[in-house]
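J.: Here is a sequence together with a model predicted from it:
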Amino acid sequence: MLELAILGFLHDSPLHGYELRKRITALTGHVKPVAESTLYPAIKRLERAGLLARETRPGSGAAPRHVLTLTEDGRAELRRRLADPAPTDITDENRWFTVLSFLRHLDDPHTQAAVLERRLVFLRQPTSFFHEGDRPLRAEEVDDPFRRGVLTIARATTRAELTWLDETLAALRGDRPAG
């Protein structure tokens, strides 16, 4: 997820590490704040792989700034990761939001639609946070008001996402404009 976010934000524009960290934290920070000890090793891995380049530019003060840019190989890798996300990138909400944040970088509407359809299939599967044996429980079946709240909120979120997915898929297929 971190590498995808790095590639995605650098596709948008060249950034120095501090600004990149702020943007990633804004996207994912409520779940897991991005520490320098995590970000900079990931940047170095991507740099060694030839997916991004570092350029030293004069800073506003005395210290120079290292600006990161995406290479052509980095753009291709971003498109590859977006076109074929890992299963956990589809099923984990926070990872999904990262994929969704950069899906516009895929130029082909059919490829974008294929990714959205994978999420749609996942969301339409019966699931729950709570079970009775192997059977998923619905909000109406739970006595605990707090657990019922979890299930009620999850259901509303899923319904909203399903509506958005249906509208967006129709637009990508040319059936109607996205709303």
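T.: That came through fine. Numbering: from 1, shown residues only.

J.: what domains does the record give for the chain?
T.: For the chain, the structural domains run 2-81, 108-173, going by automatic domain parsing.

J.: What's the end-to-end length of the first one?
T.: Right, the one you point to is domain 2-81. 12 Å (Cα to Cα, to the nearest Å).

J.: what about the helix or strand encompassing residue 96, average pLDDT?
T.: Residue 96 belongs to helix 93-102 when assigned by DSSP states H and E. Confidence for helix 93-102, expressed as mean pLDDT, is 94.

J.: cool, and stretch 117-135?
T.: 90.

J.: That stretch spans what distance, first to last residue?
T.: 25 Å.

J.: mind checking how far that stretch is from the chain centre?
T.: 20 Å (Cα atoms, centre = their mean, to the nearest Å).

J.: and if you look at stretch 46-62?
T.: In terms of Cα atoms, centre = their mean, the centre of stretch 46-62 is found 24 Å from the chain centre.

J.: so the longest helix along the chain versus helix 93-102, what angle?
T.: Determined from DSSP state H, the single longest helix within the chain is helix 145-173. With axes from the mean of the first three to the mean of the last three Cα atoms, to 10 degrees applied, the angle from helix 145-173 to helix 93-102 works out at 30 degrees.

J.: Can you give the distance of helix 145-173 from its chain's centre?
T.: On the basis of Cα atoms, centre = their mean, helix 145-173 sits 17 Å off its chain's mean C-alpha point.

J.: List the buried residues for that helix?
T.: Within helix 145-173, the residues that count as buried by 16 or more other Cβ atoms under 10 Å are 148, 151, 161, 165, 168-169, 172. For glycine as for every other residue, the C-beta is placed from the backbone atoms N, C-alpha and C.

J.: likewise stretch 1-15?
T.: Within stretch 1-15, the residues that count as buried by 16+ other Cβ under 10 Å are 1-11, 14-15.

J.: Repeat that for stretch 109-122.
T.: Using 16+ other Cβ under 10 Å as the test for burial, stretch 109-122 gives 111-113, 115-116, 118-120.

J.: can you give me the helices in the chain?
T.: So, for the chain - with DSSP H - the helices run 2-12, 17-28, 36-48, 72-83, 87-91, 93-102, 109-123, 145-173.

J.: Let's have those in CSV, adding distance to residue 133.
T.: Output for the helices of the chain, formatted as CSV (distance: least, Cβ to Cβ, whole Å):
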stretch, distance to residue 133
helix 2-12, 37
helix 17-28, 35
helix 36-48, 39
helix 72-83, 38
helix 87-91, 22
helix 93-102, 25
helix 109-123, 23
helix 145-173, 16
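
J.: number of nearby residues for residue 20?
T.: 20 (other Cβ atoms under 10 Å).

J.: Please apply the same query to residue 96.
T.: By other Cβ under 10 Å, the residues close to residue 96 number 21.

J.: contacting residues for the spatially most central residue of the chain?
T.: By Cα atoms, centre = their mean, the mean C-alpha position of the chain lies nearest to residue 98, the distance being 1.1 Å. By Cβ atoms under 8 Å, 6 or more residues apart in numbering, the contact list for residue 98 reads 1, 4-5, 8, 27-28, 89.
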